[in-house]
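Undergrad: Kindly return the folded structure for what I paste below:
(chains A and B)
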Amino acid sequence: MSKITQSSTAEYFAKNLQQVGFSSPLKAVLTTLKESVDNSLDACEEFDILPELHIEIEKVGKGSSKSTDLVRILVRDNGPGLSAEDLPKVFGEYLASSKFGRGRCSRGQQGIGISAATTWAQLTNAAGAHVISKTKTMKKAIKATVDVDIKHNKGKLKNKESITWDKKNGLQVEFVIDGRVQLNGDGGVLTYLEGTTLVNPHLKLSYKLLDNDLVKIDRVSKEIPKVPPATLPHPHTMKLGEFLTHALLYPGHTLTQFLKRGFSKVNDAAIKDFKKQGVSAKDLNRKMGQFKDSEYKKLFQAIQETDLGNPTTRSVLVIGEEGLAKSIQRLGEVDFFSVVTRKPKICDFKPVVVEVAIARFLNKKGSDDEPSQLLRFANRVPLQFDKGGCAITKAVESVNWKSYGLSQPKRSLPRGPYVFAISVTSPFIKFKNASKETIDSSDELVDELRFAMMRAGQKLSRHIKQEQKAADLERKKQHIEKFGPILVKGLVDITKANATRKKKAVAGLDKILGRDAKEAEAQLKAADKKLKQLKQKQKSKLS
Amino acid sequence: MAKAKVKKTTRKKKDIPKMAKELCEGMLSNLEKGKKPVLHAVKCSLDNSIYDPKKGYFTPGEKLVRTELNVSSVQKLARTVFLMDIMLNNLETGAVNTKREIYYIAKGMVKSDNFYKPIDFNDQPDSDGIINYICDLMEVYREELNCFANDRGGQTYSKNLIVTESLPDGTVANVDLGALGTTPFQPKNKPQVFSLKPKKGKIDFCLVVESEGTANTFVSNGFTKRNNCIVVGAQGVPSNGVRGWCKTIQDQLKIPIYFFGDLDAYTLQNIYRTLKAGSAASLVRNADFSAPEVRFLGILPEDVKKYDLYCYDVKEKDASEARALKKAKDVLKNDPFFQDKKNKKLADVLKWLITNKKRCEQQALFSVDPKDPLKPEKIILDKIKRGSYI
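TA: Reported below is the predicted structural model:
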C-alpha cells in the first residue's frame, strides 16, 4: 500500500489554479487584476473610505511559458492599508479571510483569490506579490515581497524595508506574471473596468493599459455603499454538513438556545412546530455537545420540515437606480437608458436583489444586426466567462424583447447597439464553479431576473416606440410621394380622363393621404411628449 | 379547314375592358371628390368556400377583401392599376403572356421610365399576387386577361373520340384521337371551344389517371384498344386545362368519369377534390373548372385488403409524413367538401388513413400479379363493373 500523505491547502490550490480563474494566460491577467481590485474596494467600503484606484498593466518582456508575455499588473488604492503582520496572511495564505462564511454581500468571500494570484506570480516568474502598505498609524510605509510558502500554506514576507510614501494610507500591489492581455470583448480588461465602473458609482478610477493613454474616471456619487451587516443563517438554507459545523460553535447551549440564538427566523412558535416534527422536550433541553452524529441528522431533518418565516432581506446591498443611472453615463455618450432596482426578494430561501440597466450608446460600435453587449455582475463583480450557462443569460434570452421594440432572434440576446447590465447581489450567491464565473440558475432566480428585465424593457420601449413612430411617419410621407402619382396616372390612362380631372384627382389624393400622415404626426407628437416626460424624470433623478 | 357550328363550353365572355374602365372611373371620381376609394374583392380562401352538393363545386361565400386607399395600400393599388393597364393592352392587341412574362414586362417598363421606379417588383411572387388580386377584384380568370399558365397534364387517348375545335378566327379543326397514333391530344390552359362526339355509338367511360406515366403505360399496353373509353393523364394536381377538359367530357359526352390515383390525403384533397369540386383559390371559376360527376375509383381501402396491396407506413416522426397525417385531420375539420354528408364515404377514407397510418400508391396494382402486365387493367375494369368506387 502506498503511503498516504497530507497536502496543505496551498499545495492543493497551487496544483489546481485553473479552478480559481487561472486556466489560461488571458484569464490569469484578468483574474489577478480582478482579485486585487475586489480586495481594494472591499477594504475601502469596510473602513468607510471613498475608493480611489489606480491601475497599470504593461508588457515587460517575454513570458517563461510558450505564447505568453511577462505582464506587470499594478493596483494602488487609498484604502486602510495592512499592517506588516497582516500582509503575509492576506497575500500569502489561503482561506485567511475576514469575510469567510459571514453572509455579507462583499465581493470576496473565501480568501482564496489574491493568494492564488501570488502563487501564479511565484510559479511563472519566481516572485510573489510586491506590496507597499501604509496604515493611518504608520509614519513610514512598508515595502516588501510576499511569497506563499506552499508546503505550509503560510505567507512569507521578504525584502522588507521602510520607505517614505506620499500617501496617508493605502496599499499598492504589483504582480509580474506570465499572461496575455486582451482589452476588448467579453473577457477583456477594458470590459472588466467598464463593468466595475458601472456598478461602483462611488469609485474614482484611473488606468493606463499597455501603450494607451492614461484614462481618468471621476466618481459620480459620494455615498459609500453600506454593506449591511451579516445576519444569522436561516436553517433552510443549510446543508447537513454546514448544520453540524455550525452546531460545534454552540457546545454549551441547549438545543432550544442553539436554534434561537444560532439562526434567524427561529422563535417560540417555530420551536413549538419543531416539537410537532417529533423532537422531544428532553432533547430540546439537552446541550449541543451531548448529541451524537446520528441524532444530528434527525434534528436537521426535523428543522427542514418545520414552518419558518422567510430569511430576512436586510443583509442585501443595493446599488440603486440613481447610482446606476449616473454611473452609466461614464461609459460613453448615452442615447437613452432605463434602470430598474427590484426590492429584495427571497429566491431559494436566499435574499437577492436584482438590478438592471439598459442603455443605448451613441458612440457604441456594432450594427443593428449584432448581438447587444451583456454585462453580468454578481455582488458587483463583473462575470466575464462562460456566459451561456449563467442564470442571467438564460433570463435575458427568455424575455420577449420584441414586444419592447428590440430586434431579437428566437431564444437569443437582443440585437442592436445596446448594453444590458444586470446585477445580482446576495450574501449567498450560488456559483457554478469556484472561479465564480457563472451564477447557477434556479427557476425562482430566473423569474426574478425576468421581472426586472421586463420592467426595464417597458421603460425602454417608450423611447423605441417614439423612434418607430418617427420612422412610420417618414415611411408614410414617402409612400405618398412615391406611389400617389403612379396611381393617378394609371387611372387617368385607363379612363382616358382629361388633364383637369387628373389635377383634381392629384389634389384629392394628397388630401386623403395627407390626412393619414397627419394622424401619424399626431401619434408622433404624443409619443414625443411621453418621451420628454420620461427624460425629464431621468434628468431630475440624476440632478 | 371548314367552318362549322360548335357547341361552346365556356361561360359567357365578360366585357373586361369595360369592367376595368368602370372600376377605375369609380376610383378616379372618388379621388376627385377627396374621398377614399374602396375596392372589394372576393375572398378566395377555404373559410369563404361554400360547398353546395346540388351544384357539386365550391362557390364563393359572402366574405370580401376590402381595400381602402390609405398610406399602407397606396403601393398595392398603384401596382394594381399599373398591371391592369398592361393586361388591358394585351386584350386590345390580342397579345398573350404568362405570369412570369408579365413580371418581366413590368420590370421593362420600370427600367424604361424612372417614373415607375417605386413600384418595381422585386420578385415574381409580388407581381403574381397583384395579378391574382385583379382577377378576384373583377371576378375573372387570368386566362380571360390573356395571361396563361404553362400547359400541363391532360394528355388524352381514345380510339373513339373526335374533338372539333372552333378557333378564334372562325375556322374549325377536327381531331380524330384514334388517328393520332401514339401522340395524345392535350387541352390547353387557354379557353378553347370544343365539341366532342364519339366516332361510333357511345363511349363507355373515361378514366382519369393521377400519374401521367401510369396513364401512358395503360395506353401502351392496349387499354384504349380493348376498351371503348377515354384515358386522361392528370399529371398531379390538375391544371385549369385538365379541369376544364374533364368538365367538357362530363357535360358533352355524359359518360361516367373515374379517377384513379393514390390512396393518401394529398391525392384526395389536392388532386381529386380539385378536379371534382374546384379549389378555394379559384372560387370565381370553379363553375367552369370542375367536374362534379367524377368518381373516385381508387385506390380504396377495400382494394388494399382485397388485393393485399403494398402500403407505406406513415411515420409520425418523419416531418413530411407527419404533415400528411396532419393534413388529413385538417381536411376533415375544415374542408366543407369532406364535411358534406354526400361525401361521407370519402371522409371515411381519410379517417381510414388517419387510423391506419398507411398510404398506398396507384402503382401498387402492378404488385398483384407481377407477371401479368394487364392485371391493373383487369382490376380497374372489375372495380368499374362491381361498382367499387365512391
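
Undergrad: what's the burial count for the residue in the stretch 1-150 of chain A that chain B sits nearest to?
TA: Closest residue of the stretch 1-150 of chain A to chain B, C-beta to the nearest C-beta: A:S23 (41.5 Å). For glycine as for every other residue, the C-beta is placed from the backbone atoms N, C-alpha and C. For A:S23, the neighbour count with other C-beta atoms under 10 Å in any protein chain shown is 15.

Undergrad: Tell me the pLDDT of the residue of the stretch 401-543 of chain A found nearest chain B.
TA: Closest to chain B within the stretch 401-543 of chain A is A:G490: 3.2 Å, counting by C-beta to the nearest C-beta. Note for A:G490: predicted pLDDT of 94.

Undergrad: contacting residues around it?
TA: A:G490 makes contact with B:C24, B:A78, B:V81, B:F82, B:M84, B:D85, according to C-beta atoms under 8 Å, 6 or more residues apart in numbering or on different chains.

Undergrad: mind listing the strands in the chain by residue range?
TA: No chain was given, so I picked chain A. Here chain A has its strands, by DSSP state E, at A:52-62, A:69-77, A:129-134, A:141-149, A:154-163, A:170-179, A:204-209, A:215-217, A:334-341, A:345-347, A:350-361, A:373-378, A:381-383, A:418-425.

Undergrad: meant chain B, my bad for not saying
TA: Under DSSP E, chain B gives strands at B:38-42, B:49-51, B:58-60, B:64-68, B:155-158, B:161-166, B:172-176, B:193-198, B:205-209, B:229-233, B:257-260, B:295-298, B:312-313, B:358-359.

Undergrad: Mind checking those for the one nearest to chain A?
TA: When the strands of chain B are compared by C-beta to the nearest C-beta, strand B:64-68 sits nearest chain A, at 9.7 Å.

Undergrad: in the chain, which spans are helices?
TA: Just so you know, I chose chain A. Here chain A has its helices, by DSSP state H, at A:9-15, A:25-46, A:86-92, A:113-125, A:189-199, A:240-248, A:255-262, A:268-276, A:281-284, A:293-305, A:321-328, A:391-398, A:443-495, A:499-542.

Undergrad: Sorry, I should have been clearer: chain B.
TA: Counting by DSSP H, chain B has helices at residues B:16-32, B:74-93, B:99-112, B:124-138, B:212-220, B:223-226, B:240-248, B:265-266, B:274-277, B:301-306, B:319-334, B:336-339, B:344-356, B:375-386.

Undergrad: Lowest average confidence across these, which one?
TA: Note on the helices of chain B: lowest mean pLDDT is at helix B:319-334, with a mean of 82.

Undergrad: For that one, name the packing helices and strands.
TA: Packed against helix B:319-334, as judged by 3 or more C-beta pairs under 8 Å, 6 or more residues apart in numbering or on different chains; DSSP states H and E, are the following elements: helix B:265-266, helix B:336-339, helix B:344-356.

Undergrad: For the last one, list every residue counted as buried.
TA: When you say that, I think you mean helix B:344-356. Neighbour-count burial for helix B:344-356 flags B:L346, B:A347, B:V349, B:L350, B:W352, B:L353, B:I354 (criterion: 16 or more other C-beta atoms under 10 Å in any protein chain shown).

Undergrad: Run a quick neighbour tally on residue 247.
TA: By default, I'm working from chain A. By other C-beta under 10 Å, the residues close to A:A247 number 20.

Undergrad: my bad, chain B
TA: That count, for B:K247 with other C-beta under 10 Å as the rule, works out to 25.

Undergrad: Distance-wise, check it relative to chain A.
TA: With the distance defined as C-beta to the nearest C-beta, to the nearest Å, B:K247 ends up 33 Å from chain A.

Undergrad: Might you report the residue contacts of the residue nearest to that residue when sequence neighbours are not counted?
TA: Computed as C-beta to C-beta, 6 or more residues apart in numbering or on different chains, the closest residue to B:K247 that is not its neighbour in sequence is B:A291, at 4.6 Å. Neighbour list for B:A291: B:R243, B:C246, B:K247, B:I249, B:Q250, B:I257, B:L275, B:K276 [criterion: C-beta under 8 Å, 6+ apart].

Undergrad: give me the residue from chain B nearest chain A.
TA: Counting by C-beta to the nearest C-beta, chain B gets nearest chain A through B:V81, at 3.2 Å.

Undergrad: Thought A:G484 was touching that residue, still the case?
TA: No. Using C-beta atoms under 8 Å, B:V81 is not in contact with A:G484; the gap is 11.7 Å.

Undergrad: Could you tell me which residues of chain B lie near chain A?
TA: B:20-21, B:24-25, B:27-28, B:30-36, B:69-72, B:74-75, B:77-78, B:81-82, B:84-85, B:88, B:115-116, B:118-119 (C-beta under 8 Å from any C-beta of the partner chain).

Undergrad: Show me just the buried residues among those.
TA: Those of the residues of chain B next to chain A that meet the buried threshold are B:20, B:24, B:27-28, B:30-32, B:36, B:69-71, B:74-75, B:77-78, B:81-82, B:84-85, B:88, B:116, B:118-119, by 16+ other C-beta under 10 Å.
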